[in-house]
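model the following, please.
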Amino acid sequence: MSFSADLNLALQLADLADEIALPRFRAQDLKVETKPDDSPVTDADRSVEQAIKAMLANERPDDAIIGEEFGAKSGSNRTWIIDPIDGTANFMRGVPVWASLICLAVDGKPQVGVVSAPALGRRWWAGPNLGAHTRDLDGSTRPLEVSAVSKMANASLSYNNLKLWDELGHLDALMKLSRSVWRTRAYGDFYSYMLLAEGAVDVVAEHDLKIYDIAALVPIVEQAGGQFSDLFGPLTEKSSSVLATNGQLHQQAQRLVKP
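Just a heads-up that it's a prediction; the model follows:
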């Protein structure tokens, strides 16, 4: 099965998202609300998702859609999974580390992924038999490949909010993992995984994620040669705690965080 046309469409959707979101970044009239789960949402989040869904309705009317802001639309075994702005808290505070995440999953397996971060001038994408690639700030493109680090003592680890690890009772596991590696940083959100795909980070571990936070990242990491799983086992559509590595460190990292 060829995914070239789907990847091209996903890149067009990312162009559309950039056109809408970037002018709203640091806008003085940006509208911010708090959702029932206490997470923030902006007018840009909603506008991007609406525009993407409208384009998909024309281009792939039979496909299903899962979006962060406006829920799901049923359809075929092909599902587009959209996070209009990953890193909304950064977006609303003027931090440029945010991106639109676009994924096509088939029979529940993420196959095509695009991550577009216009405020950073960066984009990453991947698909089966198409590899993983990135566009750099100068407009040039290059293939992605994870690192060859094979020892935890030489690894760079990125994680998310310490408070979440503490609240979920896994702070000791994170401390154990951090003591075993060379370097720790909390790059956060999508960016940790893109650095992993580029070979700049070796292990990423996070809690409290939703499917739209995860799906687009999976093909990019995997096509770059990495491995993606639930923190404590196989990755499923219900996973909210995830572990991504360069592959060589995966079993070692899972053993370290095992409850």
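
packing partners of whichever strand or helix holds Ile102?
Assigned by DSSP states H and E, Ile102 belongs to strand 99-106. Packing partners of strand 99-106 (3 or more CB pairs under 8 Å, 6 or more residues apart in numbering; DSSP states H and E): helix 4-21, strand 78-86, strand 109-117, helix 189-198, helix 217-223. Just so you know, the C-beta spots here come from the backbone N, C-alpha and C atoms, and that holds for glycine as well.

partner strands of whichever helix or strand comes after the third one, parallel or antiparallel?
For strand 109-117, the succeeding helix or strand toward the C-terminus, using DSSP H and E, is strand 122-127. Strand 122-127 has its sheet partners listed here by DSSP bridges as strand 109-117 (antiparallel), strand 131-135 (antiparallel).

make TSV from those strands and add distance to Asn246 and mean pLDDT to it.
Putting the strands paired with strand 122-127 into TSV (distance: least, CB to CB, whole Å; pLDDT from 0 to 100) gives the following:
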stretch	distance to Asn246	mean pLDDT
strand 109-117	17	97
strand 131-135	13	97
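
look up how far Asn77 lies from Gly131.
Going from Gly131 to Asn77 by CB to CB, to the nearest Å gives 24 Å.

more crowded one of those two?
Between Gly131 and Asn77, Gly131 has the larger neighbour count (other CB atoms under 10 Å), namely 15 against 10.

how far away is that one from Tyr193?
16 Å.

kindly report the same for Ala64.
24 Å.

which one's more surrounded, the two?
The neighbour count for Ala64 versus Tyr193, taken as other CB under 10 Å, is higher for Tyr193 (28 against 17).

show me what contacts the more buried one?
Neighbour list for Tyr193: 204, 217, 220-221, 244 [criterion: CB atoms under 8 Å, 6 or more residues apart in numbering].

isn't Val41 up against Met92?
No. In this structure Val41 lies outside contact range of Met92 using CB atoms under 8 Å: 9.2 Å.

list the residues that are in contact with both of those two.
Val32.

re earlier: how about TSV for the strands paired with strand 122-127, with distance to Arg46 added?
Listed next are the strands paired with strand 122-127 as TSV, based on distance: least, CB to CB, whole Å:
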stretch	distance to Arg46
strand 109-117	17
strand 131-135	26
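
deepest in the core, which of these is it.
With neighbours taken as mean count of other CB atoms under 10 Å, those reach their highest mean count in strand 109-117, at a mean of 25.

compute the inter-axis angle for that one and helix 189-198.
Strand 109-117 runs at 110 degrees relative to helix 189-198, counting by axes from the mean of the first three to the mean of the last three CA atoms, to 10 degrees.

so that it lines up with my notes, have the first residue be 512 from now on.
I'll keep to 512 as the first residue from here, and by that count the last item is strand 620-628.

quick one: residues in contact with strand 620-628.
Strand 620-628 is touched from outside by 514, 517-518, 521-522, 524-526, 528-529, 592, 597, 607-616, 633-639, 701-702, 705, 725-731, with contacts defined as CB under 8 Å, 6+ apart.
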